[in-house]
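Chemist: Return a 3D structure for these sequence lines:
(chains A and B)
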There are 2 protein chains.
Amino acid sequence: MNSRRASPSVAGKSPAASPSPWRARRRDREVKREAVIRAAARAFNRKGYHNTSLDDIAAALEVTKPTVYYYVTNKEHLLFQCFLAGVEPIRAAFREVKDLELPARERLNAVLRHYGEAVASEFGWCMVRAEDQDLSPAMSRHIKALKSEVDQGIRRLIREGIQDGSIEACDPKMTAFALAGALNWIAHWYREDQLTGAEIAAAFVTIFEGGLRPRSASQVATRAPLRRRVRIAR
Amino acid sequence: MNSRRASPSVAGKSPAASPSPWRARRRDREVKREAVIRAAARAFNRKGYHNTSLDDIAAALEVTKPTVYYYVTNKEHLLFQCFLAGVEPIRAAFREVKDLELPARERLNAVLRHYGEAVASEFGWCMVRAEDQDLSPAMSRHIKALKSEVDQGIRRLIREGIQDGSIEACDPKMTAFALAGALNWIAHWYREDQLTGAEIAAAFVTIFEGGLRPRSASQVATRAPLRRRVRIAR
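Modeler: Now for the predicted structure:
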């Protein structure tokens, strides 16, 4: 496990030194369940959901397949648990900021930082790709509902921000799609040897907040005359 | 074919009235090749790459499989052609803005608008998902190279914008990832019955440009006192 990787939710409880909690001294059920989910997330991320068997996950944990079945019903359920492990810290962030005495933009930023960290975690692949895996209709609905809850939460904070003056007037739906899209895409390019998930999430929030167009008058004033800066079309 | 959908590259030449150009009067090779690519893009988008056979595509066009093989070497080649059909208008946009007498931010915005339209087109799925389809190493390299070209082009325009003062100082790599990520994600949620690709691309560019934090002094001045706007934590 890479210590630089921010692993929300189940991260703090993971036994970092031992690859398999069945070999560690602390043997409570929750730790083992989390180890199963974490091993599955890594395998799905590396090999894809359909190319991963419960045997692979059992082998990675040095246990038998029946042991894995003790913690999860089936592979689809396991994928859902990985999805949940990624999404739960974002839901928790919404709950945490709910009653904070802060303008909505700052509450939104806090949620977006958790969001970015989650997508850069080992659960990121499962978060953004779970729905593409030909899931059962019931599971698909369940995942859609959780995604919708997050989406609606972001839109609500944007609306609140427009209302309290901390966010520029905008289309909350389009803006939520743009923010979540940028964050979701982290799962496609993130490698652990670069920045941490927290660093990337912070950088993204800065970009979202400020926008590309310069703000400070001094910066604009120091610009060289336009004519000298642009190419001449032929 | 939905007329609201912006279909870059091959769009203008497509015979909108007839479902199959083999039944239309205009029978030149290029139109038929484009119809094959477009039918493939639709099928990949709807059923996924691995669940789509060349038989499906032939059936959609009301031709035989050997006819499809006349235009493309194999299914992987077909996916690549769909990828190219999506990416080519973005590459063209870079060429078009290259010598324009505009600040880099405006040149970047023009590219991003083409980018957003391309991802919202029927080639969007192939653009953002081609690389996940267990392609041959050679094809994978080819696609990666084209993606990298687009990424580097965006970073270059951001650097130019920082230099000419039209873009706020930022990390060009992170910013390019944020912008491209937001745009790529359009392929995951876009439905033709909503806004057009052009409308979404324009909305996204506005969000990227302005950022969430309000700019106008008047807007800030009209804000109600903070105490009245926030919830009290218990």
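
Chemist: From the chain's centroid, how far away is stretch A:91-106?
Modeler: Here stretch A:91-106 is found 17 Å from its chain centre; the criterion is Cα atoms, centre = their mean, to the nearest Å.

Chemist: Quick one: end-to-end length of that stretch, please.
Modeler: 16 Å (Cα to Cα, to the nearest Å).

Chemist: now the helices: where do they sit in chain A?
Modeler: A:29-47, A:54-61, A:65-71, A:75-97, A:104-120, A:124-129, A:137-164, A:172-184, A:186-189, A:197-210, A:217-221, A:226-229 (DSSP state H).

Chemist: if we compare those helices, which one ends up closest to chain B?
Modeler: Closest of these to chain B is helix A:172-184, at 2.8 Å (criterion: Cβ to the nearest Cβ). Any C-beta I mention is one placed from the backbone N, CA and C, and that applies to glycine too.

Chemist: thinking again about what came up before, any chance of the helices of chain A in CSV, with distance to chain B and mean pLDDT too?
Modeler: Converted to CSV, the helices of chain A look like this (distance: least, Cβ to the nearest Cβ, whole Å; pLDDT from 0 to 100):
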stretch, distance to chain B, mean pLDDT
helix A:29-47, 11, 92
helix A:54-61, 17, 94
helix A:65-71, 26, 92
helix A:75-97, 10, 96
helix A:104-120, 6, 97
helix A:124-129, 8, 94
helix A:137-164, 4, 96
helix A:172-184, 3, 97
helix A:186-189, 6, 93
helix A:197-210, 4, 96
helix A:217-221, 6, 45
helix A:226-229, 4, 44
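
Chemist: Of all those, which one is nearest residue B:33?
Modeler: Of all the helices of chain A, it is helix A:186-189 that lies closest to residue B:33, at 30.0 Å by Cβ to Cβ.

Chemist: that older thread, could I get the helices of chain A as JSON lines with mean neighbour count and distance to residue B:53?
Modeler: Listed next are these as JSON lines, based on neighbours: other Cβ atoms under 10 Å in any protein chain shown; distance: least, Cβ to Cβ, whole Å:
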{"stretch": "helix A:29-47", "mean neighbour count": "20", "distance to residue B:53": "24"}
{"stretch": "helix A:54-61", "mean neighbour count": "18", "distance to residue B:53": "28"}
{"stretch": "helix A:65-71", "mean neighbour count": "15", "distance to residue B:53": "33"}
{"stretch": "helix A:75-97", "mean neighbour count": "21", "distance to residue B:53": "26"}
{"stretch": "helix A:104-120", "mean neighbour count": "25", "distance to residue B:53": "34"}
{"stretch": "helix A:124-129", "mean neighbour count": "24", "distance to residue B:53": "23"}
{"stretch": "helix A:137-164", "mean neighbour count": "17", "distance to residue B:53": "24"}
{"stretch": "helix A:172-184", "mean neighbour count": "24", "distance to residue B:53": "30"}
{"stretch": "helix A:186-189", "mean neighbour count": "19", "distance to residue B:53": "27"}
{"stretch": "helix A:197-210", "mean neighbour count": "21", "distance to residue B:53": "40"}
{"stretch": "helix A:217-221", "mean neighbour count": "9", "distance to residue B:53": "56"}
{"stretch": "helix A:226-229", "mean neighbour count": "11", "distance to residue B:53": "53"}
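
Chemist: Any chance of CSV for the ones you listed, columns distance to residue B:167?
Modeler: Formatted as CSV, the helices of chain A follow (distance: least, Cβ to Cβ, whole Å):
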stretch, distance to residue B:167
helix A:29-47, 34
helix A:54-61, 45
helix A:65-71, 50
helix A:75-97, 30
helix A:104-120, 21
helix A:124-129, 28
helix A:137-164, 24
helix A:172-184, 17
helix A:186-189, 21
helix A:197-210, 10
helix A:217-221, 10
helix A:226-229, 12
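
Chemist: closest to residue B:100 out of those?
Modeler: For those, proximity to residue B:100 was assessed by Cβ to Cβ; helix A:226-229 is nearest, at 12.4 Å.

Chemist: Can you name the residues in contact with stretch A:204-217?
Modeler: For stretch A:204-217, the surrounding residues in contact (Cβ atoms under 8 Å, 6 or more residues apart in numbering or on different chains) are A:105, A:109, A:112-113, A:116, A:179, A:182-183, A:186, A:220, B:105, B:108, B:158, B:161, B:165-168, B:170, B:174-175, B:178, B:207-213, B:215.

Chemist: same check, this time on stretch A:124-138
Modeler: Applying Cβ under 8 Å, 6+ apart, the external contacts of stretch A:124-138 come out as A:41, A:44-45, A:49-50, A:76, A:79-80, A:82-83, A:85-87, A:118-119, A:140, A:143-144, A:147, A:184-188, A:190, B:48.

Chemist: swap the cut-off to 6 Å and go again
Modeler: Contact partners of stretch A:124-138, identified using Cβ atoms under 6 Å, 6 or more residues apart in numbering or on different chains, comprise A:41, A:44-45, A:49, A:76, A:79, A:82-83, A:86, A:143, A:184, A:187.

Chemist: hmm, back to that, between the helices of chain A, which one is closest to residue B:197.
Modeler: Set against residue B:197 and scored by Cβ to Cβ, those come closest in helix A:172-184, at 12.9 Å.

Chemist: My guess is residue A:160 contacts residue A:104. True?
Modeler: Yes. At 3.8 Å, residue A:160 counts as touching residue A:104 under the criterion of Cβ atoms under 6 Å.

Chemist: Pull up the overlap in contacts between those two.
Modeler: What both residue A:160 and residue A:104 touch, as defined by Cβ under 6 Å, 6+ apart, is an empty set.

Chemist: Quick check: residue A:193 vs chain B, distance?
Modeler: For residue A:193, the distance to chain B equals 14 Å [Cβ to the nearest Cβ, to the nearest Å].

Chemist: count of residues packed around that residue?
Modeler: 6 (other Cβ atoms under 10 Å in any protein chain shown).

Chemist: Next one: it, what pLDDT does it get?
Modeler: Predicted confidence (pLDDT) for residue A:193: 73.

Chemist: same check, this time on the one 3 residues further on
Modeler: In the prediction, the pLDDT value recorded for residue A:196 is 94.

Chemist: What values do phi and psi take at it?
Modeler: With angles defined as degrees, to the nearest 10, residue A:196 sits at phi -80, psi 160.

Chemist: now residue A:168
Modeler: Torsion angles at residue A:168 (phi, psi; degrees, to the nearest 10) stand at phi -60, psi 140.

Chemist: With adjacent residues omitted, what lies nearest to it?
Modeler: Leaving aside its chain neighbours, residue A:168 sits nearest to residue B:214 (4.6 Å; criterion: Cβ to Cβ, 6 or more residues apart in numbering or on different chains).

Chemist: burial measure for the one you found, as a count.
Modeler: Neighbours of residue B:214 using other Cβ under 10 Å come to 19.

Chemist: and residue A:120, what does it touch?
Modeler: The contact partners of residue A:120, by Cβ under 6 Å, 6+ apart, come to A:186, A:190, A:197, A:200.

Chemist: 7 Å instead?
Modeler: Residues near residue A:120 by Cβ atoms under 7 Å, 6 or more residues apart in numbering or on different chains: A:6, A:186, A:190, A:197, A:200.

Chemist: what's the spacing between residue A:172 and residue B:215?
Modeler: Here the criterion is Cβ to Cβ, to the nearest Å. By it, residue A:172 lies 18 Å from residue B:215.
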